[in-house]
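*Asks:* no FASTA, just this:
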């Protein structure tokens, strides 16, 4: 599909998810060769009408150059005129709706086969690999956007044309625990985390908007952090689809066997991230088996400062933290003294594969995580905005990549950089609920 058509679909994803009725499109899309039967079955299995509409729009982008106009035809033929007009009005002039009658197909002239001896036929079979036309109900179907012929696949092997999505339609969707450590005990030798309350307020509002039950706990010691996580693991999550834990604290590097890093309690005692995730794994929390468990860690990964490396001017966008920047997204100044690096995850090790867990870190293991005392941390500020702007159309992994990119464009004091990252063991796409 052409890039311009992909962008049209992406800009209108929320409208398609809200209004599209995929069930009446399947026959037409199959007949016109936009999707194969396997792909149709895969879309149908993705869940609710909204889930099917979202998956259809995503898969449509992977089809050929004729997929977009053929999709518009199907919308018109099934009476979904408002969506067709919405997409057509912003499409380039070259896109025209075809009449509902079968599209004329230019095919090579079929010549009669010459009379051959049995020996010639045998030779022909060896030299020419046969191809088989796709069987469709119409006698003159439109060609496939990808190709007009396909080879039959081996029997008994299931084809997966798209990754399935997690079920995320429970109301509410699940629990979200936010632990916000701001004021640390003098004996901890850790400074207070001014600006963290701003991060906490943003994330509380954001996950409530994503239909989670949000609980905030502030200034917890190590023992209290473990108690809250244990209580969360003992809840019955059967009626929910997801669980989220957000840690806002200082951090440090620790030895580990799974997930890097640790976060501090206000008493100066830390809890390793791998222990935090263990509370909600399938063994310790059976009602969350097969459901996504999401962990967001806003903490330093160590004490090293990243000064970045030089790139050509066309490879980098203007830093959000520049002195002349006017955006409200990250109101940072490259010479700001309000920057704080008092947050700290860890080193590396071989990783097992704990399914359905994603841990998103604000910074790469070993490096500091920057926070503005007036507007909060870079990571949370951008994460909140990306979720607000894109949750209706994009999956979590895609949005975290957007966060990585935007945070990487910032500069602290005109010099230091930050690079978020994640350990992703999710098995499917994850789309949050959004209020439309």
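*Replies:* That came in fine, so what should we check first? If you're wondering where the values come from, they're calculated on a predicted model, not measured in any experiment.

*Asks:* Now do the buried residues in stretch 61-76.
*Replies:* Neighbour-count burial for stretch 61-76, with 16 or more other Cβ atoms under 10 Å as criterion, is recorded at 63-64, 66-76. C-betas here are computed from N, CA, C, even on glycine.

*Asks:* could I get those residues as JSON lines with distance to residue 266 and pLDDT?
*Replies:* Shown next, in JSON lines, are those (distance: Cβ to Cβ, whole Å; pLDDT from 0 to 100):
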{"residue": "63", "distance to residue 266": "54", "pLDDT": "86"}
{"residue": "64", "distance to residue 266": "58", "pLDDT": "85"}
{"residue": "66", "distance to residue 266": "61", "pLDDT": "89"}
{"residue": "67", "distance to residue 266": "56", "pLDDT": "90"}
{"residue": "68", "distance to residue 266": "55", "pLDDT": "90"}
{"residue": "69", "distance to residue 266": "61", "pLDDT": "91"}
{"residue": "70", "distance to residue 266": "60", "pLDDT": "92"}
{"residue": "71", "distance to residue 266": "55", "pLDDT": "91"}
{"residue": "72", "distance to residue 266": "58", "pLDDT": "92"}
{"residue": "73", "distance to residue 266": "62", "pLDDT": "91"}
{"residue": "74", "distance to residue 266": "59", "pLDDT": "92"}
{"residue": "75", "distance to residue 266": "57", "pLDDT": "92"}
{"residue": "76", "distance to residue 266": "62", "pLDDT": "90"}
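
*Asks:* Please report the distance of residue 378 from residue 424.
*Replies:* Separation of residue 378 from residue 424 (Cβ to Cβ, to the nearest Å) stands at 21 Å.

*Asks:* same thing with residue 206?
*Replies:* From residue 206 to residue 424 the distance is 20 Å (Cβ to Cβ).

*Asks:* cool, and residue 179?
*Replies:* Taken as Cβ to Cβ, the span from residue 179 to residue 424 is 22 Å.

*Asks:* The two: which is more packed in?
*Replies:* More crowded of residue 179 and residue 424, by other Cβ atoms under 10 Å: residue 179, with 24 against 14.

*Asks:* Pull up the pairing partners for the helix or strand where that one lies, direction included.
*Replies:* According to DSSP states H and E, residue 179 maps onto strand 174-180. The strands beside strand 174-180 in its sheet (DSSP bridges) come out as strand 212-218 (parallel), strand 242-248 (parallel).

*Asks:* same question for that strand, mean pLDDT?
*Replies:* Averaged across strand 174-180, pLDDT comes to 97.

*Asks:* what element comes up after that strand heading to the C-terminus?
*Replies:* On the C-terminal side of strand 174-180, the closest following helix or strand by DSSP H and E is helix 196-209.

*Asks:* quick one: buried residues of the one helix or strand residue 232 maps to?
*Replies:* Per DSSP H and E: residue 232 is located in helix 222-234. Judged by neighbour count (16+ other Cβ under 10 Å), helix 222-234 contains these buried residues: 222, 225, 226, 228, 229, 232, 233.

*Asks:* and the angle for it with strand 212-218?
*Replies:* 160 degrees (axes from the mean of the first three to the mean of the last three Cα atoms, to 10 degrees).

*Asks:* Which residue ranges of the stretch 1-150 of the chain form helices?
*Replies:* With DSSP state H, counting those that start in this stretch as the criterion, the stretch 1-150 of the chain has helices at 3-11, 13-19, 26-31, 37-44, 49-60, 67-77, 81-89, 118-127.

*Asks:* before we move on, back to that, now for the buried residues of stretch 61-76: which two are most distant?
*Replies:* 64 and 76 (19.8 Å; Cβ to Cβ).

*Asks:* so residue 262 makes contact with residue 251?
*Replies:* Yes: between residue 262 and residue 251 there is a contact under Cβ atoms under 8 Å: 6.3 Å.

*Asks:* Could I get the pLDDT score of residue 341?
*Replies:* pLDDT recorded at residue 341 is 39.

*Asks:* mind listing the strands in the stretch 201-350 of the chain by residue range?
*Replies:* With strands called from DSSP state E, counting those that start in this stretch, the stretch 201-350 of the chain shows them at 212-218, 242-248, 251-252, 262-264, 270-272, 293-298, 339-340.

*Asks:* Those: lowest mean pLDDT?
*Replies:* strand 339-340 (a mean of 39).

*Asks:* need the next SSE after it, C-terminal direction.
*Replies:* Assigned by DSSP H and E, the successor of strand 339-340 is strand 357-361.

*Asks:* Report the mean per-residue pLDDT for that following strand.
*Replies:* Averaged across strand 357-361, the pLDDT comes to 93.

*Asks:* Partner strands of it, with direction?
*Replies:* Partners of strand 357-361 in its sheet, by DSSP bridges: strand 293-298 (parallel), strand 421-424 (antiparallel).
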